[in-house]
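**Student:** sequence unknown, structure follows:
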């Protein structure tokens, strides 16, 4: 008997429907065709053991399994469950009439237990789009799949439960999804800006960066508070939109980074890889491409501490993702796209000894050493960072003082108001949520400059030798500063503030 079961395969963060055809004929051989990898080929042993643990077995006949479309690579253990159900249905041990309405996936343990798999959310979204009304997944993946509205998701812990459900011997209720509230719980953040003494100029720069989604580089001597400030940035970021949550959850689902029994990711990710990271780990890739750190930080923050210590080749691969906000990973047989819409926050010392800008300690480096140290970061990469801010150690009087500092909650409220302005501005543009994502056409439309602003910007371009990219980024930054001030018009003082956030463009730096 020929039976068709439906599952899915993931390419990038999108899924394709996979039809699993099981046909039992006379003979004595088990064959799987349709471009399966080793994990799929090995499923025969897992399925056979799981079936025996529920009182069944693979028939001693000729069984042909076809995974269609045959030109799509099938990888992983997620096809164990549909393969087992297909064999039972083809052997007429369970009814096959309702199976065309179901999509299913899951890995089988030898005792028949269902184990969690990767990429459930993209497959669930595709299943709903393809017209499936029901989906069967491992219990640990049920909350993740239940995010999709209009799809009845059933989570099971054992193959025996699946067969009882399909035979209608026992009824099970579909998993219910409760949409998260669009708000931020203050208790989720361990770090708060109220604990930071002084550093008002850096706090202001981080507020602007958070408001417009801008990249930022902090330069300062050891112990000045660069890492401490970066760790507090998530506490002032605005809540994620449902579109951002879905995109981020899909990426983490494909990468296998979702916590078990979790659903939507509602907290913006904060990724801080060590400087020994490889270029593939940063941007993604491998024999079977997987998302890298820049994609896992999508709609959140990628923090690179001690930026010059990263390998130059690793840093240079970020040029294109910083500009295009997506990364394309090409291999001989396939090409996949991953979103890379992240905020880059980096920190570095001003020189090899670290004390070039220290107010009291003397720097032991000569000008050449400082220039060689700074040259570890290429000009094109610096060009893509909107804010360069110098971090100076806080004076002892401020550290020991009793002055109460502004809390993250107060800063976040201003950030959220600025983001609301941007949400209204870009509501008709798909995939654009903040000022940093504006292209040239939107820049021209929403960032008109008067004569005074243009003249000021022209002087800065000539004096600092800024590139056309830096020109655009200064305008985007001034648009965010205007939004924070609640002003629709970009004023000269906003342009001036944006220009002064280009420290490393100054010809006098390090000399």
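**Tutor:** Thanks, I have the structure now. Given the structure is predicted, the values throughout are model-derived calculations rather than measurements.
**Student:** what lies in contact with the longest strand seen in the chain?
**Tutor:** Determined from DSSP state E, the single longest strand within the chain is strand 14-25. With contact meaning Cβ atoms under 8 Å, 6 or more residues apart in numbering, strand 14-25 is reached by 1-10, 59, 61-69, 72, 74, 79, 82-83, 86-87, 89-91, 103, 119, 122-123, 125-127, 130. The way it works is simple: take the backbone N, C-alpha and C, and place the C-beta from them, glycine included.
**Student:** residues of it that come out buried?
**Tutor:** Using 16 or more other Cβ atoms under 10 Å as the test for burial, strand 14-25 gives 15, 17-18, 20-24.
**Student:** now the next helix or strand after that strand, how far from the chain's geometric center?
**Tutor:** Going down the chain from strand 14-25, the next helix or strand is strand 30-33, by DSSP states H and E. A distance of 37 Å separates the centroid of the chain from that of strand 30-33, by Cα atoms, centre = their mean, to the nearest Å.
**Student:** output the below-cut-off pLDDT ranges for the stretch 401-511 of the chain.
**Tutor:** The model of the stretch 401-511 of the chain has pLDDT under 70 over residues 505-511.
**Student:** got it, and the chain?
**Tutor:** 178-188, 505-511.
**Student:** contact partners of stretch 167-178?
**Tutor:** 94-95, 134, 142-143, 145-147, 149, 152-156, 161, 164-165, 263.
**Student:** kindly apply the preceding question to stretch 82-95 instead.
**Tutor:** By Cβ under 8 Å, 6+ apart, stretch 82-95 touches 1-7, 20-24, 43, 47, 50-51, 56, 58-59, 63, 65, 96, 99, 104-105, 108, 159, 162-163, 166-167.
**Student:** centre of the chain versus it, how much separation?
**Tutor:** On Cα atoms, centre = their mean, the centre of stretch 82-95 falls 38 Å from the chain's centre.
**Student:** repeat that for stretch 347-364.
**Tutor:** Per Cα atoms, centre = their mean, the centroid offset for stretch 347-364 relative to its chain is 34 Å.
**Student:** just stretch 404-419 next, same as before
**Tutor:** 24 Å.
**Student:** the closest residue in space to residue 303 that isn't next to it in sequence and residue 302: what is the separation?
**Tutor:** Distances taken as Cβ to Cβ, 6 or more residues apart in numbering put residue 272 closest to residue 303, at 4.3 Å, once the chain neighbours are dropped. Distance, residue 272 to residue 302, by Cβ to Cβ, to the nearest Å: 8 Å.
**Student:** now residue 483
**Tutor:** Note on residue 483: its distance to residue 302, by Cβ to Cβ, is 23 Å.
**Student:** do residue 316 as well
**Tutor:** Taking Cβ to Cβ, one finds residue 316 at 15 Å from residue 302.
**Student:** mind listing what's buried in stretch 412-419?
**Tutor:** 412, 414-416, 418-419.
**Student:** hmm, who's touching that stretch?
**Tutor:** Contacts of stretch 412-419 (Cβ under 8 Å, 6+ apart): 184, 207, 210-212, 235-239, 433-434, 480, 483-484, 486.
**Student:** how does it look with 7 Å?
**Tutor:** Here stretch 412-419 makes contact (Cβ atoms under 7 Å, 6 or more residues apart in numbering) with 184, 207, 210-211, 236, 238, 434, 480, 483-484.
**Student:** okay, now residue 247: neighbour count?
**Tutor:** If you count neighbours by other Cβ atoms under 10 Å, residue 247 ends up with 20.
**Student:** residue contacts, it?
**Tutor:** 298-299, 339.
**Student:** among those residues, which one has the most neighbours?
**Tutor:** residue 298 (26 neighbours).
**Student:** in three-state terms, label that residue for me.
**Tutor:** coil (DSSP: H, G, I helix; E, B strand; the rest coil).
**Student:** state the distance from the residue nearest to it when sequence neighbours are not counted to residue 293.
**Tutor:** Computed as Cβ to Cβ, 6+ apart, the closest residue to residue 298 that is not its neighbour in sequence is residue 339, at 4.8 Å. Distance of residue 339 to residue 293, computed by Cβ to Cβ: 13 Å.
**Student:** what do you get for residue 267?
**Tutor:** Where residue 293 is concerned, residue 267 sits at a distance of 17 Å (Cβ to Cβ).
**Student:** compare those two (neighbour count), which wins?
**Tutor:** Set residue 267 next to residue 293 and count neighbours by other Cβ under 10 Å: residue 293 wins out with 20 against 17.
**Student:** OK, contacts around the more buried one?
**Tutor:** Residues near residue 293 by Cβ under 7 Å, 6+ apart: 271, 273, 277, 281-282, 302.
**Student:** just the helices from the stretch 301-450 of the chain, written as ranges.
**Tutor:** Along the stretch 301-450 of the chain, counting by DSSP state H, counting those that start in this stretch, helices occupy 312-316, 319-324, 367-374, 379-383, 396-400, 408-425, 440-446.
**Student:** closest one to residue 199 among these?
**Tutor:** helix 396-400 (8.9 Å; Cβ to Cβ).
**Student:** ok, and what's touching that closest one?
**Tutor:** 197-198.
**Student:** kindly recompute the last result at 10 Å.
**Tutor:** With Cβ atoms under 10 Å, 6 or more residues apart in numbering as the test, helix 396-400 has contacts from 197-200, 393, 403, 405.
**Student:** now residue 483: which helix or strand?
**Tutor:** Using DSSP H and E, residue 483 falls in helix 468-484.
**Student:** equivalent analysis for residue 125, please.
**Tutor:** helix 120-129.
**Student:** list the neighbouring strands of the helix or strand following that helix plus their orientation.
**Tutor:** Next helix or strand after helix 120-129 toward the C-terminus (DSSP H and E): strand 134-138. Strand 134-138 sits in its sheet next to strand 102-104 (parallel), strand 152-156 (parallel), going by DSSP bridges.
**Student:** tell me how far the first one is from the chain's mean position?
**Tutor:** If I follow you right, that is strand 102-104. 27 Å.
**Student:** also stretch 281-296?
**Tutor:** Computed by Cα atoms, centre = their mean, the chain-centroid distance of stretch 281-296 equals 11 Å.
**Student:** now the end-to-end length of that stretch.
**Tutor:** 11 Å (Cα to Cα, to the nearest Å).
**Student:** in the helix holding residue 125, what counts as buried?
**Tutor:** Buried, per 16+ other Cβ under 10 Å, within helix 120-129: 120-128.
**Student:** which of the buried residues of strand 14-25 lies closest to residue 386?
**Tutor:** Using Cβ to Cβ, the buried residues of strand 14-25 come closest to residue 386 at residue 15, 34.9 Å.
**Student:** who does the closest one form a beta bridge with?
**Tutor:** In beta-bridge terms (that is, DSSP bridges), residue 15 pairs with residue 10.
**Student:** okay, it and residue 148: tell me how far apart.
**Tutor:** Residue 15 is 11 Å from residue 148, by Cβ to Cβ.
**Student:** need the residues touching each of those two.
**Tutor:** Joint contacts of residue 15 and residue 148 (Cβ under 10 Å, 6+ apart) are 120-121, 123-127, 129.
**Student:** which of those sit farthest apart?
**Tutor:** Largest pairwise distance in these, by Cβ to Cβ, is 15.0 Å, between 120 and 129.
**Student:** phi and psi next, for the residue nearest to residue 303.
**Tutor:** phi -130, psi 80 (degrees, to the nearest 10).
**Student:** repeat for residue 113
**Tutor:** The phi/psi pair for residue 113 (degrees, to the nearest 10) is phi -70, psi 150.
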